[in-house]
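Participant: Here is the input, now give the coordinates:
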Amino acid sequence: MVPTWVHIIYYLYGIPLILLYALIIIVLLKKNTTFSSTFYSFIALFGIQDILYYGLVQYEVRGPVSELLLTTVFSGLQIHSPKWHVVLFFIRISLEFNGVVSTVVLALFRVSSMLLPLSHERRWKNTLPIVVCLNILLPFGLYGYLLLNKAILLCAGSNTNVVGCFMVYDHSFTNHGMSQEVVEISSALETGNQPFYFVLSYVSSSCQHWHYEYDHDELHDSR
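Facilitator: Residues are numbered from 1 along each chain as shown. The predicted structure follows:
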């Protein structure tokens with residue numbers, strides 16, 4: 001857990017830098033006749049992505065490890081996590097991937113400006129719509145399954161009471177691997193000594209449905 005004063009230091013230099021970045025993008029967009037090169041179009045496009053990514057990281061990564069925000073904002077969201085949390089996670093991972101793509105595109109642009117100084121601008125202007133489409137389509141192709149994400153809540157019992165549970169999400173195709181999140185559960189549920197499984201499925205934007213899957217015969221025998 002990160003103390004509040006550490007987050008204050010983060011934002012003392014982070015927020016001014018991101019505001020300066022936003023100001024540069026605004027100037028590039030307003031003075032598009034002056035900065036008409038495709039290079040500046042890429043800078044504006046990738047800059048907007050970077051700013052969105054910064055905002056999502058504060059909510060999804062830094063926020064939950066802040067002592068202050070954990071108790072005031074994130075407390076109680078572990079079990080009843082709404083659908084838009086999954087959407088935000090997908091957007092953050094997509095922007096993270098697009099950040100790598102933008103680095104490669106800008107590097108290729110600089111190399112082509114040296115190898116093809118007379119024609120590289122015309123060539124890149126034709127590829128601008130393709131890059132924009134790839135920025136939208138590639139994340140859906142690579143990480144679209146996250147929008148259909150399902151979680152399994154694994155619980156273990158002791159002395160006929162539930163003593164602990166953890167949530168498992170299948171993020172094995174992302175850089176996060178398999179993530180586990182500790183969840184408190186009521187000890188009034190009796191399960192014998194056998195673990196049981198909750199499969200959480202997001203089936204609509206307004207509600208979640210819990211499906212209880214366990215072997216009734218095995219549960220009965222364990223008692």
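Participant: Now do Leu142 against Leu134, distance only.
Facilitator: 11 Å (CB to CB, to the nearest Å). C-beta: built from backbone N, CA, C; applies to glycine.
Participant: With Glu96 instead?
Facilitator: Counting by CB to CB - Glu96 and Leu134 are separated by 15 Å.
Participant: the domain parsing of this structure - what is it?
Facilitator: 4-146, 149-222 (automatic domain parsing).
Participant: Would you single out the least confident of the ones you listed?
Facilitator: Lowest mean pLDDT within those: domain 149-222, a mean of 44.
Participant: now the helices for this protein?
Facilitator: 4-30, 38-57, 67-69, 83-115, 120-143, 216-222 (DSSP state H).
Participant: Point out the most buried one among these.
Facilitator: A comparison of the helices of the chain by mean neighbour count, using mean count of other CB atoms under 10 Å, puts helix 38-57 on top with a mean of 17.
Participant: what packs against that one?
Facilitator: In terms of contacts (3 or more CB pairs under 8 Å, 6 or more residues apart in numbering; DSSP states H and E), helix 38-57 is packed against helix 4-30, helix 83-115, helix 120-143.
Participant: Export that helix to PDB, keeping only CA atoms.
Facilitator: Extracted in PDB, the C-alpha atoms of helix 38-57 (Å, rounded to 0.1, in the frame of the first residue of the first chain):
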ATOM      1  CA  THR A  38       2.100  13.900 -41.200                       C
ATOM      2  CA  PHE A  39       4.600  13.700 -38.400                       C
ATOM      3  CA  TYR A  40       2.700  16.200 -36.400                       C
ATOM      4  CA  SER A  41      -0.500  14.400 -37.100                       C
ATOM      5  CA  PHE A  42       1.000  11.300 -35.600                       C
ATOM      6  CA  ILE A  43       2.200  13.200 -32.600                       C
ATOM      7  CA  ALA A  44      -1.300  14.600 -32.000                       C
ATOM      8  CA  LEU A  45      -3.000  11.200 -32.500                       C
ATOM      9  CA  PHE A  46      -0.500   9.300 -30.200                       C
ATOM     10  CA  GLY A  47      -0.500  12.200 -27.700                       C
ATOM     11  CA  ILE A  48      -4.300  11.900 -27.200                       C
ATOM     12  CA  GLN A  49      -3.800   8.200 -26.600                       C
ATOM     13  CA  ASP A  50      -1.100   8.800 -24.100                       C
ATOM     14  CA  ILE A  51      -3.200  11.300 -22.100                       C
ATOM     15  CA  LEU A  52      -6.100   8.900 -22.000                       C
ATOM     16  CA  TYR A  53      -3.800   6.100 -20.900                       C
ATOM     17  CA  TYR A  54      -2.400   8.300 -18.100                       C
ATOM     18  CA  GLY A  55      -5.900   8.900 -16.700                       C
ATOM     19  CA  LEU A  56      -6.800   5.300 -16.800                       C
ATOM     20  CA  VAL A  57      -3.600   4.200 -15.100                       C
END
